[in-house]
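*Asks:* Turn this into a model:
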Amino acid sequence: MTDFAEQHENNADGIKVIYSSITLIAKLFYSLNFQDLPEYFEDHIKQWMDHFHKLLTKDIPLLHTTDEDEVGPLELLRSQICDNVALYAQKYDEEFQPFLPDFVTAIWNLLVTTNEQVKYDLLVSKAIQFLASVAERPHYKNLFESQDVLTGICEKVIISNMNFRPADEELFEDNPDEYIRRDIEGSDIDTRRRSACDLVGSLCKFFEEAVITIFSGYVQLMLQEYAKNPAANWKSKDMAIYLVTSLASKSKTAKHGTTETRQLVNIADFFNVNIAPDLVSPNIDDVPVLKADAIKYLMTFRSVLPPEIVKTYVPRLITFLTAQSPVVNTYAAHALERAFTVKTPEGKPVLHADDIKPHCQQLMDNLFLAMNKAGSEENEYAMKALMRSFSLLQENIIPYQNFILKNLTLKLKAVSKNPSKPHFNHYLFESLCLSIRICCKTNSAHVNLFEQELFPPFQEILLADVQEFVPYVFQIMSILLEKHDTCPQAYMELFPHLLLPVLWERTGNIPPLVRLLMALIQKGPQQVVASQKLGALLGVFQKLIASKNHDHEGFYILQSMIEHINPTALQDFLGDIFMLLFQRLTSSKTTKYVKNLLVFFSLYAVKYGSSNLITIVDGIQPKMFGMVIEKLFLLDMQKISGHMEKKICAVGVSKILTEAPAMLEGDYLKQWTPLLQALVGLFELPEDESIPDDEHFIEIEETPGYQAAYSQLAFAGKKVHDPFAGTVDNPKLFLAQSLSKLSSAHPGKLPPLVSTLDPAALQYLQVYIQQANVSI
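*Replies:* Model (predicted):
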């Protein structure tokens, strides 16, 4: 193919097609060699590397593009070759070593002869990444040991590619979203600046002291250049700040920012001398690039700067929310959001509600102002900062709740017409959740205020079937309904529509819909019965119980019905319910299903009576309850997980042992002691986490078409419901007390049964009896 290219290098159309084909071949080479070095390529490595070197160094004038931004076939091929040889330098250094010097020379020449035009960005970044991959390998350390080599790399490769170019300035002003995405979201992997920083990091692995010395000098020179004429030489300061921000960070995390620094400069001193003046400048719109640099510096080093500095400059960050530049006000929002989570080395928060309270009004005003600027209506950083502000300020936002709710509702109405930014939308609903929780915590009457404002847009979302928002709406409606003592009529009017099959076809709707139905059942059981929709509600249960992915959601609905709905109303449905449960157990048994089934049986035994449970199970097949004990309770009770699930099971099994006459006579008597042994095991033994081999690869149920994912709102968490609150506190003591009552009713019956327990279990049981101050 390379010979063919030489024959047509004067044919403009032909050479473009040929070079595009060679680029595809180079990409295939990368893919085939990525996992391991195939024998064929190892045997023919010299042929491939000779061709790559030839293509890398050969210039074809006809392939040059006239547009400064258009990447041509020549640059694309050279970029891919840089990728390929970087792969070999990293993974197959022994085989690649003979060819390395020639490629280092060729790529170095490319770097020093390529200009700043945007079309060469990909090539330059790939070439620098190659040098970085070589520099971090111990085998090639000798190539960089010379001071002249290090100085040359720093001056001709790193510094020259960290310039803030006209193209970068244009991106800053005309495409702020892309600039932000590259600069603070880490998607700048193929930019010159990012690649240059990576090269510095690689060099610092073995030559940190020498590299830091070189760059310290450059930082000082750039700052001196800026000081001569700040208005004209602001780009020199930009590069100095960028160098410090990028190179002084030795280790960092997304959560904490920089956590360890290199000794390039004193971070605090550099801030006070070079960063603070830009932050306190009265004109927040003057030289916006430097303002963004200053905010980014504070954000990057928030965990290593003295806490007093972070506290002092929070009001200035709030002011920068009103800057005209979208980059500056977005950086300010992001910096605030990050600052609100900063902790001291001892793990204590740097900022408290009292620190922000005096600025609360300005903070709220400016955040919404930032989100109302043209082009920034869906600024996810500002919305996340708002959410974090609520979380920090808590009840201090209550005086502003009308203002907050009005503006959040306006945002909701606007974005629901065409949801386009998932992160913004998520933080919007998180903010709504937080405001509801905070404002309604001290005054439940505020629930009505939220319902009045939010129900109209919620209704529009549900009617328009905005799939991305429907799960969020159900979550927030659940929170609001759970704040009520009884179920308002507005929710009951919605109840029949929640049972429509079309809603349940979308998997993203299922968890929030189940929660909303549970709230309706809990707050308005009589209204649910009066609606004559119990059959439809059980139809939902039947659909969910048939799914391995969602059977637990079906149990949630069923358990809520058993707990709250009058038994008389369910009497006609109980036989079918148990039949469905056993059919699913027979056809598709899984550990998760069995665990949920045992919890349900236990709750049923408590609410409807253990004798009723035995009767209804034996009604399906004589003596079937004995099989339930033997094959389910005794085998799998130890696998039940979750504090509340264990408590429900413990109370239910205690009821079965002590309140069902059938357990103390006939065939079931022999299972009384093993069941008690299993219950003590549930209390005292570690949870059995084993899963049968055939359950490790449960097939994913296919859902045709597009499915909006379910996004759980972090601030919509539901408090764990205790069906025995106020009646059973300690299930171990409950067991002891129940056994004592049984012993009183049947003198002499229990000692022979209890005495056959395993010695360890018997010892534990005696402790429960002593703690309960009873006897058997």
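
*Asks:* Quick check: buried residues in stretch 37-46?
*Replies:* Buried residues in stretch 37-46, counted by 16 or more other CB atoms under 10 Å: 37, 41, 45. For glycine as for every other residue, the C-beta is placed from the backbone atoms N, C-alpha and C.

*Asks:* for stretch 109-129, same thing?
*Replies:* 110-111, 114, 116, 118-129.

*Asks:* And the contacts of that stretch?
*Replies:* 56-57, 65, 67-72, 75-76, 78-80, 82-83, 86, 107, 131, 156-157, 161, 163, 165, 167, 189-192, 194-196, 198-199 (CB atoms under 8 Å, 6 or more residues apart in numbering).

*Asks:* Now residue 429. Nearest residue, chain neighbours left out?
*Replies:* Nearest residue to residue 429, sequence neighbours excluded (CB to CB, 6 or more residues apart in numbering): residue 472, at 4.3 Å.

*Asks:* Send over the helix or strand that contains that neighbour as PDB, restricted to the C-alpha atoms.
*Replies:* Assessed by DSSP states H and E, residue 472 sits inside helix 470-482. This file holds the C-alpha atoms of helix 470-482, laid out as PDB (Å, rounded to 0.1, in the frame of the first residue of the first chain):
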ATOM      1  CA  VAL A 470     -42.200  10.700  35.000                       C
ATOM      2  CA  PRO A 471     -40.100   8.600  37.400                       C
ATOM      3  CA  TYR A 472     -38.900  11.900  39.100                       C
ATOM      4  CA  VAL A 473     -42.500  13.100  39.400                       C
ATOM      5  CA  PHE A 474     -43.700   9.900  41.100                       C
ATOM      6  CA  GLN A 475     -40.800  10.100  43.600                       C
ATOM      7  CA  ILE A 476     -41.700  13.700  44.600                       C
ATOM      8  CA  MET A 477     -45.400  12.900  44.800                       C
ATOM      9  CA  SER A 478     -44.500  10.000  47.100                       C
ATOM     10  CA  ILE A 479     -42.500  12.300  49.400                       C
ATOM     11  CA  LEU A 480     -45.400  14.800  49.500                       C
ATOM     12  CA  LEU A 481     -48.100  12.100  50.200                       C
ATOM     13  CA  GLU A 482     -45.900  10.500  52.900                       C
END
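
*Asks:* Could you give the average pLDDT over it?
*Replies:* When pLDDT is averaged over helix 470-482, the result is 95.

*Asks:* elements contacting that helix?
*Replies:* For helix 470-482, the packing partners by 3 or more CB pairs under 8 Å, 6 or more residues apart in numbering; DSSP states H and E come out as helix 422-442, helix 446-464, helix 489-498, helix 510-523.

*Asks:* Buried residues, the shortest one. List them.
*Replies:* Which is helix 489-498. Those would be 491-492, 494-495, 498, for helix 489-498 by 16+ other CB under 10 Å.

*Asks:* Can you tell me the element the closest residue to residue 407 other than its chain neighbours falls in?
*Replies:* Setting aside the residues directly before and after it, residue 407 is nearest to residue 368 in space (CB to CB, 6+ apart), at 4.9 Å. Assigned by DSSP H and E, residue 368 belongs to helix 360-370.

*Asks:* Let me see the mean pLDDT of that helix.
*Replies:* Rounded mean pLDDT across helix 360-370 is 96.

*Asks:* After it, which helix or strand is next? Please name it.
*Replies:* helix 380-393.

*Asks:* could you give the angle of that next one to helix 422-442?
*Replies:* 20 degrees (axes from the mean of the first three to the mean of the last three CA atoms, to 10 degrees).

*Asks:* Helix 380-393 versus helix 360-370: what angle between them?
*Replies:* 160 degrees.

*Asks:* distance of the nearest residue to residue 423 once chain neighbours are set aside from residue 103?
*Replies:* The shortest distance from residue 423 to any non-neighbouring residue, by CB to CB, 6+ apart, is to residue 380 (4.2 Å). In this view, residue 380 and residue 103 are 42 Å apart by CB to CB, to the nearest Å.

*Asks:* Please identify the one among the buried residues of stretch 37-46 that lies nearest to residue 578.
*Replies:* Distances from residue 578 to the buried residues of stretch 37-46, taken as CB to CB, are shortest for residue 37 (61.7 Å).

*Asks:* Next one, pLDDT for the closest one please.
*Replies:* 91.

*Asks:* for it, what are its contacts?
*Replies:* Per CB under 8 Å, 6+ apart, neighbours of residue 37: 91-92, 95.

*Asks:* what do you get if the cut-off is 10 Å, keeping everything else the same?
*Replies:* 45, 87-88, 91-92, 94-96 (CB atoms under 10 Å, 6 or more residues apart in numbering).

*Asks:* How about residue 440?
*Replies:* Residue 440 sits in contact with 398, 401, 446-450, 479-480, 483, where contact means CB under 10 Å, 6+ apart.

*Asks:* Dump the residues you listed to a markdown table, plus distance to residue 245.
*Replies:* Converted to a markdown table, the contacts of residue 440 look like this (distance: CB to CB, whole Å):
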| residue | distance to residue 245 |
| --- | --- |
| 398 | 39 |
| 401 | 38 |
| 446 | 44 |
| 447 | 46 |
| 448 | 49 |
| 449 | 45 |
| 450 | 42 |
| 479 | 41 |
| 480 | 45 |
| 483 | 46 |
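
*Asks:* any idea how far residue 462 is from the residue nearest to residue 429?
*Replies:* Taking CB to CB, one finds residue 472 at 11 Å from residue 462.

*Asks:* Quickly list what's touching both of the two.
*Replies:* Going by CB under 10 Å, 6+ apart, no residue sits against residue 472 while also sitting against residue 462.

*Asks:* Which one of these two is surrounded by more residues?
*Replies:* For residue 472 versus residue 462, the count of surrounding residues by other CB atoms under 10 Å is larger for residue 472: 26 against 18.

*Asks:* Is it correct that that one is in contact with residue 713?
*Replies:* Yes - using CB atoms under 10 Å, residue 472 is in contact with residue 713, at 6.9 Å.

*Asks:* so what sits against both of those two?
*Replies:* With CB under 10 Å, 6+ apart as the test, residue 472 and residue 713 both reach 426, 429-430, 432-433, 512.

*Asks:* and which of those residues is nearest residue 622?
*Replies:* Closest to residue 622, out of all of the shared contacts of residue 472 and residue 713 and judged by CB to CB, is residue 512, at 42.3 Å.

*Asks:* how close does the residue nearest to the closest one when sequence neighbours are not counted get to residue 721?
*Replies:* Spatially, and ignoring its direct neighbours in sequence, residue 512 is nearest to residue 474 (3.5 Å; CB to CB, 6+ apart). Relative to residue 721, residue 474 is positioned 18 Å away (CB to CB).

*Asks:* More neighbours: which of these two?
*Replies:* residue 474 (26 against 14).

*Asks:* show me the contacts for the more buried one.
*Replies:* Contacts of residue 474 by CB under 10 Å, 6+ apart are 458, 462, 494, 498, 503, 508-517, 710, 716.
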